[in-house]
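[1] Turn this into a model:
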Amino acid sequence: MYVTSATGNGISRRGVIGTAAAVGAGGWLTGSGTAWAAPEEAADRPGTTHERLVRAAAMRWRRLPGDWKDGPFLGNGLLGAQVYRGAAPNSVKIMVSHGQVQDQRPQWRAPYGFSRLPIGHFDLTLAGEVTDIDWTLDLWDAELRGTVTTTRGSVRFSMLVHNSRTALLISTRPSAGERSAAWTFTWMPAISPRQKDRPADYTGNPDARTGSAGDTHYVQQPLVAGGGWATAWRERRVGTGRLLAAHIVYRFPDDLDGTTELAVAEVARTLAADPDELVRGHRDWWHRFYRRSLLSVPDKRLQDFYWIQLYKAACATRAGGPSMSEWGPWYPETGGSWTAVWWNLNVQIATWLIQGSNHLELDSVTSTFKDFEKNLPLSVPPEYQDGQTYALAHPSDWTLRPGAKTVGIPGTSTKTDNNGNLIWAMHNIWLSYRHTMDVRIVRDVLYPILVKAVNFYDHFLHEGGDGKLHLPLTRSPEWADAEDCTYDLSLLRWGCATLLDCLRVLRTDHPRAGRWREILRRLVDYPRDATGIMIGAAKPLTESHRHFSHMLWLYPLGELDWDRAGDRDIMRTTFDHWVKDRALWAGYSYGVASSMASRMERPEEALDFLTFFTGGNVINNAWMTANTMYVEGGNLGTESPLTAAQSILDMAVQSHGGVVRVFPSISRRWPDASVQSLRTQGAFLVDADRSGGRTRWVRVHSEAGAPLVLAHGIEGAVDVRDGRGRRLRYRETAPGRVEIPLGRDETAVVVPRGTHPDLDPREVPAVGDAEPWGLPD
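    Okay, here's the model as predicted:
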């Protein structure tokens, strides 16, 4: 927990032992076991479609993974663990990390001053050298199980990061030849791994201190700035069975001895519990998580990939927790440059999938801005800190503090590509509002922040000779400087339009509402030439560009819409020009290109972009790894595969522009598809089934009573009924499109006229073979 008040007067060995003994007296000390019950088999029980789909997506390892890029991973939004080869031939390593563990020195930019810091790793040292492994990461239970075989015997194990206790639990059963197998912990120096732009006066944090309290071992890691974290663990043995429990507690600027006492006490509490009860609670959360929605497609490799990304997202972030950094909670042992939270694209695209997949419980973006809005003025250049202006530099820490860095000033030599970060982040929050219609999101987060974010741009708008409002020189992310930069213009235009929508939602007014209307009326149009919409004034796109910064108006902002015939030519021209040269693309370029193609009703291209990226192809210097993580040059990340999961959702359901579209971009190579409870704008939950290339039925449940315009895609005449089979009023507005007046908590079912299909979700038949993800060979 991030704490800002100091507590504790030093660690007392007697006090820690006493606490541990008191907590543990009712549990392990009375002879409890060291393992938990194996999961029940799904078999063909009724009502287990979700379970069968998710268990089928299990990742498998038959070769020993080497590092972050190919090992199994576990997490609960805070604590992360990865498993791979140890330093010696007779060892296996469990790298442990924590999403809150960072430095606290604001005199430097966030990559150093608030850098994510390494913690360390547990190593299982075996009697013999590892000769074989057989591991399965069961997504349904969020548990890694398997066997390590050595020249002297074997060790069976089960491992999880407990969902609510934030504990690493590892149960092991060694054979006779491996009874000497033992755990050790190695702490890593608390130094930022980043080398780029390292401050001349940067120094690492002090060395860690080791100790024990009874049978519980701990490592204290102090920070130069105060506070720090403690890693505590203990192994319980009963017969040949063993159970390792570990906790990491981070607090700043609290007394480190007090933090250590907490970590030791947490270990005691965990080991005091019945392991079956602990694991039952853990599994129950994950089972409820997966039942919130369903997606099944014929390409089982991609179907499994989609479920793995949902698992990854839930491991990496939760509402109320740290916003998603580039690494999630998994610190890469080899380091890298992405040591903080990147807001110029990465957080935004990594979290798109949470709304459509019906997982708003993972919405750490909204909760981050709600909890830490107070830090946004820190990103504003001093001369514009007027109390009415917000900005967001990148990177920041998970509390939105940028350290010794503000956004640049447009039109000056300090300009940077940071100016749009905050409004783009507000678009993610707007998506959460639109998918829930929860007015509190607008009132408490979106509206008050967006007002001040738009104010930042308004400082620099000026009237040109054409009577239009223009922006001075800014930077289009990762490509070029330009006046009237399309990236900034599109975000400013969206911001003003959304503020006026907020006024309607909140039934209020604002003194600057007239100015927002004026900006929308007078803001210069996007610069265009024969290649489409350009980077900015006099700045066409002339070479490969991995970022889609000049196309936000197409996706995700949706300012131009394929439904409007007058928008199609410029959308098509700009997109085709961007995609024709992919030499310098990154992984996320393919995911976004897929989603854009889906928006423009080009399903075959959408699938091609997606399968190319997920197929392990090297893209310039980037690729997706065997465990669905991501490599880009010398850096490691999570965002591009998570973005690709949104690409699959965009094939299945879209809801921009006030229309819910069902199966709008399904390739002819996918004759079947089934979805359940996919969430759309307007707070609708969509179930639908496609078979033999045709939509068989669509069911829409309204949570908020918003107007429903449904592009159902069913050929010919339809029947529209409520959830009890009674006919509903509707109006056909175009072939395959109807308006249905649904109230709050009402349901509409649309089927081909005269049919009564089974409305249950299903796993659709496979097209082709699909090897499991991981290292299954």
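[2] ok, and what's touching stretch 395-403?
    With contact meaning CB atoms under 8 Å, 6 or more residues apart in numbering, stretch 395-403 is reached by 2, 99-100, 102, 105-114, 322-323, 325, 338-343, 368-369, 371-373, 375-376, 378-379, 392-394. C-betas here are computed from N, CA, C, even on glycine.
[3] Compute the first-to-last residue distance for it.
    9 Å (CA to CA, to the nearest Å).
[4] Same check on stretch 553-573?
    End-to-end distance (CA to CA), stretch 553-573: 14 Å.
[5] Could I get the buried residue list for that stretch?
    By neighbour count on 16 or more other CB atoms under 10 Å, the buried set for stretch 553-573 is 553-563, 567, 570-571, 573.
[6] Now do stretch 667-681: distance from first to last residue.
    23 Å.
[7] again with stretch 121-130
    18 Å.
[8] Run the chain-centre distance for that stretch.
    Remark: stretch 121-130 is offset 32 Å from the chain centroid, using CA atoms, centre = their mean, to the nearest Å.
[9] Which residues in that stretch does the neighbour count mark as buried?
    In stretch 121-130, counting by 16+ other CB under 10 Å, buried: 121-124, 126-128, 130.
[10] Kindly report the same for stretch 328-348.
    328-333, 335-348.
[11] Keep only those of those that are in helices.
    346-348 (DSSP state H).
[12] need the helices for the stretch 201-350 of the chain, in chain order.
    Remark: helices assigned in the stretch 201-350 of the chain by DSSP state H, counting those that start in this stretch are 256-272, 275-290, 300-316, 346-350.
[13] out of those helices, nearest to Met437?
    Closest approach to Met437 among the helices of the stretch 201-350 of the chain (CB to CB): helix 346-350, 21.4 Å.
[14] Convert the closest one to CSV, retaining C-alpha atoms only.
    Below are the C-alpha coordinates for helix 346-350, written out as CSV (Å, rounded to 0.1, in the frame of the first residue of the first chain):
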residue,chain,number,x,y,z
ASN,A,346,1.2,2.9,-24.2
VAL,A,347,-1.3,3.0,-21.3
GLN,A,348,-4.1,4.1,-23.5
ILE,A,349,-3.8,1.3,-26.1
ALA,A,350,-3.0,-1.4,-23.4
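[15] follow-up on the earlier one: give me the buried subset of the contacts of stretch 395-403.
    Looks like the contacts of stretch 395-403 have 99-100, 102, 105-106, 108-114, 322-323, 325, 338-343, 368-369, 371-373, 375-376, 378-379, 392-394 buried, using 16+ other CB under 10 Å.
[16] Leaving out chain neighbours, which residue sits closest to Cys496?
    Trp516 (4.2 Å; CB to CB, 6 or more residues apart in numbering).
[17] In a helix, that neighbour, correct?
    Yes - assessed by DSSP: H, G, I helix; E, B strand; the rest coil, Trp516 belongs to a helix.
[18] show me what contacts it?
    Neighbour list for Trp516: 454, 496, 499-500 [criterion: CB under 8 Å, 6+ apart].
[19] how is this protein carved up into domains?
    13-291, 661-752 (automatic domain parsing).
[20] least reliable of those going by mean pLDDT?
    Within the domains of the chain, the stretch with the lowest mean pLDDT is domain 13-291, showing a mean of 91.
[21] and that one, how far from the chain's centre?
    Using CA atoms, centre = their mean, the offset of domain 13-291 from its chain centre is 21 Å.
[22] Equivalent analysis for stretch 728-746, please.
    The answer for stretch 728-746 is 34 Å, by CA atoms, centre = their mean.
[23] next one: stretch 420-440
    15 Å.
[24] now swap in stretch 617-634 and tell me
    Worked out by CA atoms, centre = their mean, stretch 617-634 lies 17 Å from the chain centre.
[25] And the average pLDDT for that stretch is what?
    96.
[26] And the contacts of that stretch?
    59, 65, 68-73, 305, 308-309, 312, 336-337, 546, 582-587, 589-590, 613-614, 616, 636-641, 644, 773-775.
[27] Name only those of those residues that count as buried.
    Using 16+ other CB under 10 Å, the buried ones in the contacts of stretch 617-634 are 59, 65, 68-73, 305, 308-309, 312, 336-337, 546, 582, 584-587, 589-590, 613-614, 636-641, 644, 773-775.
[28] wait, Arg156 sits on Ala181?
    No - with contact defined as CB atoms under 8 Å, Arg156 does not count as touching Ala181 (11.2 Å).
[29] what residues are shared contacts of these two?
    172, 174.
[30] between these two, who's got more neighbours?
    Taking other CB atoms under 10 Å, Arg156 and Ala181 do not tie; Ala181 has more neighbours (24 against 16).
[31] Distance of Asp466 relative to Arg522?
    To Arg522, Asp466 is 10 Å away according to CB to CB, to the nearest Å.
[32] Go through the buried residues of stretch 553-573 and name the one nearest Thr150.
    Pro556 (50.1 Å).
[33] Which residue is the nearest non-sequential neighbour of that closest one?
    Per CB to CB, 6+ apart, closest to Pro556 is His427, 6.6 Å.
[34] need the contact list for the one you found.
    Counting by CB under 8 Å, 6+ apart, His427 has contacts 348, 491, 494, 556-557.
[35] Just the closest of the residues you listed to Lys405, please.
    Gln348 (19.2 Å).
[36] Arg679 bridge partners, please.
    Leu685 (DSSP bridges).
[37] Report the separation between it and Asp466.
    43 Å.
[38] ok, now Val101?
    53 Å.
[39] which one of those two has more residues nearby?
    Val101 (27 against 9).
[40] What is the neighbour count of the closest residue to that one other than its chain neighbours?
    Nearest in space to Val101, with sequence neighbours left out and distances taken as CB to CB, 6+ apart, is Tyr250 at 5.0 Å. Residues lying near Tyr250 (other CB under 10 Å) number 25.
[41] One more: the one 5 residues further on?
    Asp255 sits with 18 neighbouring residues when counted by other CB under 10 Å.
[42] do the same with Asp745
    By other CB under 10 Å, neighbour count at Asp745 equals 11.
[43] Same check on His577?
    18.
[44] try Glu463
    Glu463, neighbours per other CB under 10 Å, totals 10.
[45] on that earlier part again, with distance to Ala622 as extra columns, can I get the domains of the chain in TSV?
    Formatted as TSV, the domains of the chain follow (distance: least, CB to CB, whole Å):
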stretch	distance to Ala622
domain 13-291	12
domain 661-752	24
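[46] List just the one of those that sits closest to Asp444.
    domain 661-752 (17.6 Å).
[47] list the contacts for Gly387?
    Per CB under 8 Å, 6+ apart, neighbours of Gly387: Pro377.
[48] secondary structure class for the residue sitting furthest away from the middle of the chain?
    Within the chain, the residue lying farthest from the chain centre (CA atoms, centre = their mean) is Gly465, at 44.8 Å. Following three-state DSSP, we place Gly465 in the coil state.
[49] wait, what's in contact with the residue nearest to Gln303 when sequence neighbours are not counted?
    Distance criterion CB to CB, 6+ apart; nearest residue to Gln303, sequence neighbours excluded, is Val297 at 5.1 Å. Residues in contact with Val297 (CB under 8 Å, 6+ apart) are 303, 306, 648, 652, 670, 672-673, 764.
[50] Can you give me the distance of Val297 to Glu605?
    Using CB to CB, Val297 is found at 17 Å from Glu605.
[51] what do you get for Asp576?
    Distance from Asp576 to Glu605, by CB to CB: 10 Å.
[52] what about those two, which has more around it?
    Here Asp576 and Glu605 are compared on neighbour count by other CB under 10 Å; more neighbours surround Glu605, at 18 against 12.
[53] I figured Leu431 hits Gln355, correct?
    Yes - because the distance of 5.1 Å satisfies CB under 8 Å, Leu431 is recorded as touching Gln355.
[54] quick check, distance from the lengthiest helix in the chain to the centre of its chain.
    The longest helix of the chain (DSSP H) is helix 486-506. Distance of helix 486-506 from its chain centroid, counting by CA atoms, centre = their mean, is 25 Å.
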